[in-house]
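Enquirer: next comes the sequence, and after it the predicted model I'd like to discuss.
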Amino acid sequence: MLFRTALGLVVGLLLSVNLMASMPILKGIGGDFSLQSSLGKQVSLSDYRGQVVLMFFGYTNCADICPTTMAHMSQLMDRLTPEQAQQVQVLFVSIDGDNDTPGHLNNYLAYFNPTFVGLVDERHKIDAVAAQYHAQYEKLAEGLVTTVYKKLTLTGEPTEQRGYLYSHTAKIYVMGTQGRVRGYFYMGTPHDEMHTQIKLLLQE
């Protein structure tokens, strides 16, 4: 019994060392915040304490990076066990508060995964969160443009959405169960690597 306990401690220590080497706590970036959400209520990052949070800054009118990244994370969620999936939360922070409403974000994210939560608010609040996480974005055009969702509506017809074009950070911020930024994923990060890192974070 004593041997098993000692062995368990050693394994746990090795896992912790491995995780800290691959995904150390990033100092000077991140922190708690509160924004309006696609759930119809104010949401804070601290609401997800105890879960691994994957957070992405984007906007629904994005024609490539955002839908591709959301699809990539949707595929990741499909690879998790039901128990693991309940401990992982994807947050999509919209940088286009002029056009993305909470209801619109809810409809958009439902195409990818119904558990994904969208966050949007007044411009100065979004700017403050972006600054906390060193996320950069810039409006590319003053005039409105029209793009078509990569996903189809329930009627089978493409959905047109008018809005601005932005250049923005393409990082997926990975936060451990204590809400601290531990590193980044990207839309090209292999699912096996993402899955392994998430399992390690959940074991902390």
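Expert: That came through fine.
Enquirer: next up, phi/psi of the residue most central in space within the chain, please.
Expert: Nearest to the geometric centre of the chain sits residue 55, at 2.3 Å (Cα atoms, centre = their mean). Dihedral angles of residue 55 (phi, psi; degrees, to the nearest 10) stand at phi -120, psi 140.
Enquirer: for it, give its distance to residue 120.
Expert: Between residue 55 and residue 120 the computed distance is 13 Å (Cβ to Cβ, to the nearest Å). C-beta: built from backbone N, CA, C; applies to glycine.
Enquirer: so what sits against both of the two?
Expert: Overlap of the contact sets of residue 55 and residue 120 (by Cβ atoms under 8 Å, 6 or more residues apart in numbering) consists of residue 93.
Enquirer: how about the helices in this structure?
Expert: For the chain, the helices defined by DSSP state H cover 2-22, 65-79, 82-85, 102-110, 123-132, 191-202.
Enquirer: including distance to residue 96 and mean neighbour count, could those go into TSV?
Expert: TSV is the format used below for those (distance: least, Cβ to Cβ, whole Å; neighbours: other Cβ atoms under 10 Å):
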stretch	distance to residue 96	mean neighbour count
helix 2-22	33	11
helix 65-79	10	18
helix 82-85	28	11
helix 102-110	10	18
helix 123-132	9	15
helix 191-202	26	17
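Enquirer: fine, thanks again, bye for now.
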